[in-house]
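Engineer: Make a model of this:
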Amino acid sequence: MVDLGGESTAGAAGVAGVVDVVHSAVLDRVERTGPGLESMTALCALDPMSLDGFDRVRYLQGWDAARCWVEAQGLPAMVAVAGEHGVDGDDWVREEVAAACNLSGAAAQTRIEIARACVSRLAPAAQALERGAMTWLHLRTLVVETADLTDEQAHMVAARSCPVLATRRSGGGPGRSVGPCTRSPRPRWKPRTPGRERTAGSNSGSCPTGWPGSMPNYPPPTL
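Structural biologist: Now for the predicted structure:
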């Protein structure tokens with residue numbers, strides 16, 4: 001009998017390698033396309049348990065961006081129900097949104113305020129959410145922190161915040177890079193000479209002057 005176990009193992013490994021290449025190509029296309037219906041369709045065709053460790057992270061990032069895209073699509077729908085501006089009948093609108101979305105009254109009011117801000121003063125943030133460059137939590141924080149600003153100021157803050165958040169979510173940017181250490185080296189501590197007693201006013205102990213733990217010689221308190 002001929003032992004074909006080695007050939008079978010090599011063949012299986014080759015097939016697995018081809019599958020990994022195909023999966024990586026699909027995820028590459030998802031990253032190039034950006035979040036949307038096409039990307040979600042491609043992600044639905046993948047089995048995350050069949051991916052390697054690196055592609056599983058990319059798979060998670062793809063669905064996270066898709067979730068942001070879906071949430072951005074709901075903003076115009078919320079405004080269509082609640083209106084672009086608050087009116088005296090906002091209590092009724094809030095309860096209608098709460099019943100439709102199975103939310104509490106406070107949560108519904110928050111959703112309404114976020115949606116209204118995104119169609120006007122925070123439009124750049126809504127666009128970033130649709131691209132997957134900003135999360136819903138980032139958007140809610142922007143709405144809260146810019147509540148006391150004018151529309152022009154809020155728009156400026158949103159426009160400046162979006163590129164920074166996009167860089168952080170992609171894993172790059174100056175804030176994530178690690179360069180060579182440019183700090184001056186710490187001075188070496190001088191060991192105490194055996195048999196030498198410390199004199200008053202001397203600071204040549206185990207902790208050099210200026211470092212944490214160094215104790216200046218203050219005069220004794222007057223009783």
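Engineer: Once you drop chain neighbours, what's closest to residue 101?
Structural biologist: residue 108 (6.7 Å; CB to CB, 6 or more residues apart in numbering). Where you see a C-beta, it was placed from the backbone N, CA and C, and this is true even at glycine.
Engineer: Now that that neighbour has come up, it's in contact with residue 91, right?
Structural biologist: No - at 10.7 Å, residue 108 and residue 91 do not qualify as touching, with contact defined as CB atoms under 8 Å.
Engineer: The residue nearest to residue 101: helix or strand, and which one exactly?
Structural biologist: Applying DSSP states H and E as the criterion places residue 108 in helix 105-118.
Engineer: Could you report the pLDDT at residue 89?
Structural biologist: We note a pLDDT of 62 for residue 89 in this prediction.
Engineer: Could you count how many residues lie near residue 134?
Structural biologist: Residue neighbour count, defined by other CB atoms under 10 Å, stands at 26 for residue 134.
Engineer: cool, and the one 4 residues further on?
Structural biologist: Residue 138: 19 surrounding residues under other CB under 10 Å.
Engineer: Look up how far residue 150 lies from it.
Structural biologist: To residue 150, residue 138 is 21 Å away according to CB to CB, to the nearest Å.
Engineer: hmm, back to that, what about residue 108 and residue 91, which has more around it?
Structural biologist: When residue 108 and residue 91 are compared on other CB under 10 Å, the one with more neighbours turns out to be residue 108, at 22 against 10.
Engineer: what's the distance between that one and residue 93?
Structural biologist: In this view, residue 108 and residue 93 are 9 Å apart by CB to CB.
Engineer: After the helix or strand of the chain with the lowest mean pLDDT, which helix or strand is next? Please name it.
Structural biologist: Lowest by mean pLDDT, DSSP states H and E among the helices and strands of the chain is helix 5-33, with a mean of 70. Sequence-wise, the next helix or strand beyond helix 5-33 is helix 37-44, with elements assigned using DSSP H and E.
Engineer: Who are the packing partners of the very next helix or strand once past that next one?
Structural biologist: In the C-terminal direction, the helix or strand that comes right after helix 37-44 (DSSP H and E) is helix 53-82. Packing partners of helix 53-82 (3 or more CB pairs under 8 Å, 6 or more residues apart in numbering; DSSP states H and E): helix 5-33, helix 37-44, helix 90-101, helix 105-118, helix 123-131.
Engineer: and helix 53-82, average pLDDT?
Structural biologist: Predicted confidence along helix 53-82 averages 92 (mean pLDDT).
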